[in-house]
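[1] Model the following, please.
(one chain, ligands or ions: 1)
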Amino acid sequence: MNKEKRRVVIAGNWKMNKNARETRTVLEQMKNISVPEKVDVVFCVPAINIPVAAKEAAGSKISIGAQNCHWEKSGAFTGEISADMLKYYGVGYSIVGHSERRQYFGESDETVNKRAAACLENGICPIICVGENLRQRENGTTKDVIRQQVRGAVKGFTQRQMAGCIIAYEPVWAIGTGKTATARQAQEVCAYIRQLISEIFGRQAAEGLTIQYGGSMNAENAKQLLSMEDIDGGLIGGASLKAEDFEKIVASAQ
Ligand code: PEP
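    Next up is the predicted model:
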């Protein structure tokens, strides 16, 4: 399968930004942006704003996503939110294993795997984040880190489960720093991720997989990154908070 046949997904990660009123205001603008055919646009908003966002985006081409989800349906897990709860609001995607969750909240490959499985059971597409930090890039272990994270995240999955996932390559050193990976660096790792998926699930699964790049993607660099053979979309933090910037990124996905 060539690049043209894969689903292009441009997802905004709002992190811990915007209250309910601001969410409504930004989505009011965002829902009218023109979305090229074969491109899915998603906003992963803070959990508390999912009801407001879902209401505002209803009937538009915009999907609403979460930034995390727990693997159990319910129980004594203070502060957590289950995939079942997300499903109630029609959430279509959830980020899992974002590097900020790995760094500050003890997320491991094992919990990423369980969270992704719970998403899939509830018809939610997990956006599984993987990526090396600066030290790992500099000491030449990027591929080892990626291999471990990818294998851990999809451990025990069937081909069918794999087909419901997105993998986002997000080099930690490029997130929120203004330092973007060059298109060549990003392509090299995204191609490696596709190769790993091919080794585990076969060529067809790998060729159909949507792989995003994330890390300081913006209106200026999006076109080049998105034109690379193995980059099928973007996970965008800072530049997804302003309608004008995000619209340009979506347009360059055409
Ligand atoms: C992110 O939060 O996933 C991200 C890529 O952030 P930024 O675009 O701001 O680097």
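[2] and whatever residue of the stretch 101-250 of the chain ends up closest to the ligand, how far is that from Val9?
    Among residues of the stretch 101-250 of the chain, the one nearest the ligand by CB to the nearest ligand atom turns out to be Gly237. It sits 2.2 Å away. In short, each C-beta sits where N, CA and C put it, glycine included. The gap separating Gly237 from Val9 is 15 Å, by CB to CB, to the nearest Å.
[3] So between those two, which is more surrounded?
    Taking Gly237 and Val9 together and counting by other CB atoms under 10 Å, Val9 has the greater number of neighbours (24 against 21).
[4] For the more buried one, which three-state class applies?
    Val9 falls in the strand class when you classify it by DSSP: H, G, I helix; E, B strand; the rest coil.
[5] The residue nearest to it when sequence neighbours are not counted: neighbouring residues, count only.
    Nearest-residue entry for Val9: Gly233, 4.0 Å, with adjacent residues in sequence omitted and distances by CB to CB, 6 or more residues apart in numbering. Burial of Gly233 is recorded as 27 neighbouring residues (other CB under 10 Å).
[6] Ok, Gly59 next?
    7.
[7] hang on, it in a strand?
    No. The assignment for Gly59 (three-state DSSP) gives coil, which keeps it out of a strand.
[8] Can you pull out the low-pLDDT segments for the stretch 1-150 of the chain?
    Applying pLDDT under 70 to the stretch 1-150 of the chain flags residues 1.
[9] for the protein, longest helix please?
    Using DSSP state H, we find that the single longest helix of the chain is helix 183-201.
[10] Now do that one: which elements does it pack against?
    Packing contacts for helix 183-201, counted by 3 or more CB pairs under 8 Å, 6 or more residues apart in numbering; DSSP states H and E, involve helix 142-153, helix 159-163, strand 166-169, helix 203-208, strand 210-214, helix 222-226.
[11] possible to save these as CSV with mean neighbour count and distance to the ligand?
    Output for the helices and strands packed on helix 183-201, formatted as CSV (neighbours: other CB atoms under 10 Å; distance: least, CB to the nearest ligand atom, whole Å):
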stretch, mean neighbour count, distance to the ligand
helix 142-153, 18, 15
helix 159-163, 14, 22
strand 166-169, 27, 7
helix 203-208, 16, 23
strand 210-214, 26, 4
helix 222-226, 21, 11
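[12] Next to the ligand, which bits of the stretch 151-254 of the chain? Give me the list.
    For the stretch 151-254 of the chain, the residues in contact with the ligand under the definition CB under 6 Å from any ligand atom are 170, 175-176, 214-217, 235-239.
[13] Next up, the contacts around Ala191.
    Counting by CB atoms under 8 Å, 6 or more residues apart in numbering, Ala191 touches 229-230.
[14] And Asp144, by the same measure?
    Taking CB under 8 Å, 6+ apart, we find Asp144 in contact with Gln136.
[15] Go again with 10 Å.
    In this structure, Asp144 makes contact with 132, 136, judged by CB atoms under 10 Å, 6 or more residues apart in numbering.
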